[in-house]
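Q: Give me a 3D structure for the following:
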Amino acid sequence: SGFFALLAVAAILLPFLLIVHWLLPGDNGQAQRAFRWLAGVQIALLFVIMASAIQRMRLYQAEYGLSESRLYPTAFMGWLAVVFVWFCWTVLRGHGEKFAFGAMVAGFLLVATLNVMNPDALIARTNLERARDGRIFDASYLSELSADAVPEIVAGMPTLNPADRSRLSGSMLSRWSSPGNTDWRSWTISSAQARQTVSENESALRANCPDT
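A: Numbers count the residues shown, from 1 in each chain. The predicted model follows:
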């Protein structure tokens with residue numbers, strides 16, 4: 001909860017600074033200079049808070065592994081950092097008309113990067129590597145990830161202990177061994193790949209959970 005409180009502080013400051021800048025009279029040079037100085041101090045303090053938040057999230061990930069609730073806020077924090085740097089480069093230098101477009105482009109780039117990274121596959125791969133190192137591993141959480149994670153889970157399953165292999169194998173068979181919804185409107189590449197992966201490894205998965 002502490003991380004999300006810090007994240008909220010970062011998200012609130014940006015609209016506050018934009019509103020104050022909008023309210024300032026453009027012909028008052030003294031007010032503009034005071035705003036730039038005070039905004040710079042606020043942003044510098046904000047980056048201290050953001051560094052603390054990122055460090056806290058790194059500790060969570062190091063101790064408990066990666067999850068969606070840790071990955072996405074961290075990515076959003078990275079976007080906020082870029083936006084505030086862009087704010088300093090544009091608004092505080094008298095080029096505020098460029099700020100909105102640059103912030104929007106940064107948001108699109110963040111979404112594109114996350115899609116290329118394939119978050120659920122990254123989460124599965126990261127946590128399976130932790131399991132191989134003998135660290136805390138939550139098989140139940142991995143079993144709830146989307147179809148994107150299935151190839152990574154199946155590939156990494158041989159390195160897990162028997163209990164985790166059984167739990168994950170049972171989940172993979174239950175969720176992805178049936179044809180599923182045949183409506184073409186719900187078809188996705190990731191779900192098709194997940195079902196193909198489970199089908200190709202069905203005998204090994206069933207051997208991992210003999211009671212299934």
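Q: residue ranges with poor pLDDT in the protein?
A: Across the chain, the ranges flagged by pLDDT under 70 are 1-3, 180-184, 210-212.
Q: Could I get the contacting residues of the residue nearest to Ala163 when sequence neighbours are not counted?
A: Excluding the flanking residues, the one nearest Ala163 by C-beta to C-beta, 6 or more residues apart in numbering is Ala139, at 7.8 Å. (Glycine included, C-beta is placed from N, CA and C.) Counting by C-beta atoms under 8 Å, 6 or more residues apart in numbering, Ala139 touches Leu160, Ala163, Asp164, Arg167, Leu168.
Q: State the distance from Ala139 to Glu97.
A: 52 Å (C-beta to C-beta, to the nearest Å).
Q: Which residue ranges of this structure form helices?
A: Under the criterion DSSP state H, the chain contains helices at 2-23, 29-64, 68-90, 99-117, 119-132, 139-143, 150-156, 162-176, 189-200, 202-208.
Q: for the ones you listed, which one ends up most surrounded?
A: Mean neighbour count (mean count of other C-beta atoms under 10 Å) peaks for helix 150-156 among the helices of the chain, with a mean of 21.
Q: quick one: contacts of that helix?
A: Against helix 150-156 from outside (C-beta under 8 Å, 6+ apart): 121, 124-125, 128-129, 131-132, 142, 145, 168, 172, 176, 193-194, 197-198, 201, 205.
Q: One more pass at 10 Å, please.
A: The contact list for helix 150-156 (C-beta atoms under 10 Å, 6 or more residues apart in numbering) reads 118, 120-129, 131-132, 139, 142-143, 145, 160, 168-169, 171-172, 175-176, 190-191, 193-198, 200-201, 204-205.
Q: And that helix, how far out from the chain middle?
A: Chain-centre distance of helix 150-156: 20 Å, with C-alpha atoms, centre = their mean, to the nearest Å.
Q: cool, and stretch 190-202?
A: Counting by C-alpha atoms, centre = their mean, stretch 190-202 comes out at 25 Å from the chain centroid.
Q: Cool, thanks, talk later.
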